[in-house]
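Novice: Quick one, structure for this:
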Amino acid sequence: MSSAFSNGTEIPEDFGCVKGNNDKPSIPLLWAKPPPTAKSFVVLMHDPDAIPVVGLDYIHWLVVDIPPSTFQLGAGASNKDMPEGAIELENSRKTKGYTPPCPPTPQVHTYRVHVYARAEEKTTIDTSSRDARDVLKQLEEGNVGISDELDGLYHQPGRY
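Specialist: Numbers count the residues shown, from 1 in each chain. So this is what the prediction gives:
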């Protein structure tokens with residue numbers, strides 16, 4: 001699902017914050033071909049380990065309306081090289097696009113990436129709560145399958 005790391009392993013520093021620097025490229029993703037009924041994809045990257053820290057399941061990246069002919073997002077695609085028609089919605093930082101993993105030191109957090117195949121071309125999601133738990137509930141309807149899931153671990157290097 002990513003050329004940068006495998007499921008359950010560490011996300012490379014290139015894609016996560018270092019000493020609070022959030023100016024990092026989005027992770028590269030690739031996923032399986034969807035069922036023939038899929039009309040679009042949704043990508044959600046979130047941090048459930050943030051719940052005890054900030055009180056919500058932190059949304060790091062949310063992309064909707066990815067065309068069904070697209071099976072990957074390259075490294076650094078966020079805000080630069082997105083497929084035509086794809087829309088990046090607000091994350092928990094209230095910005096559009098990718099926010100890199102950045103757990104408080106010395107914590108290690110698990111970051112979850114889901115790719116959903118959707119039955120509709122256009123997906124409307126309310127992100128006002130800034131909580132991935134609410135987004136996941138909204139995504140329960142309209143899915144024709146989960147195309148892929150990926151977990152990556154991250155801690156801020158050099159800050160132990």
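Novice: Quick check: bridge partners of the nearest residue to residue 61 once chain neighbours are set aside?
Specialist: Excluding the flanking residues, the one nearest residue 61 by Cβ to Cβ, 6 or more residues apart in numbering is residue 45, at 4.0 Å. Every C-beta, even on glycine, is put in place using the N, C-alpha and C of the backbone. Note on residue 45: beta-bridge partners by DSSP bridges are residue 61, residue 113.
Novice: so how far is residue 134 from residue 45?
Specialist: Applying Cβ to Cβ, to the nearest Å, the value for residue 45 to residue 134 is 15 Å.
Novice: Residue 114 against residue 44, yeah?
Specialist: Yes - taking Cβ atoms under 8 Å as the definition, residue 114 is a contact partner of residue 44 at 4.8 Å.
Novice: who touches both of these two?
Specialist: Both residue 114 and residue 44 are in contact with 136, 139, where contact means Cβ atoms under 8 Å, 6 or more residues apart in numbering.
Novice: Just give me the longest helix of the chain.
Specialist: helix 132-139 (DSSP state H).
Novice: Quick check: buried residues in that helix?
Specialist: 132, 134-136, 139 (16 or more other Cβ atoms under 10 Å).
Novice: what does stretch 58-76 give?
Specialist: Those buried within stretch 58-76 under the rule 16+ other Cβ under 10 Å are 58-66, 68, 70-71, 73-76.
Novice: Among those, which one lies nearest to residue 85?
Specialist: Nearest to residue 85, judged by Cβ to Cβ, of the buried residues of stretch 58-76 is residue 65 at 5.4 Å.
Novice: before we move on, which element is residue 76 in?
Specialist: Using DSSP states H and E, residue 76 sits in no helix or strand.
Novice: what's the answer for residue 117, then?
Specialist: Judged by DSSP H and E, residue 117 forms part of strand 109-118.
Novice: Tell me which residues touch the residue nearest the centre of the chain, please.
Specialist: Against the mean C-alpha coordinate of the chain, by Cα atoms, centre = their mean, the closest residue is residue 45 at 2.1 Å. Residue 45 makes contacts with 27, 59-62, 98, 111-113, as judged by Cβ under 8 Å, 6+ apart.
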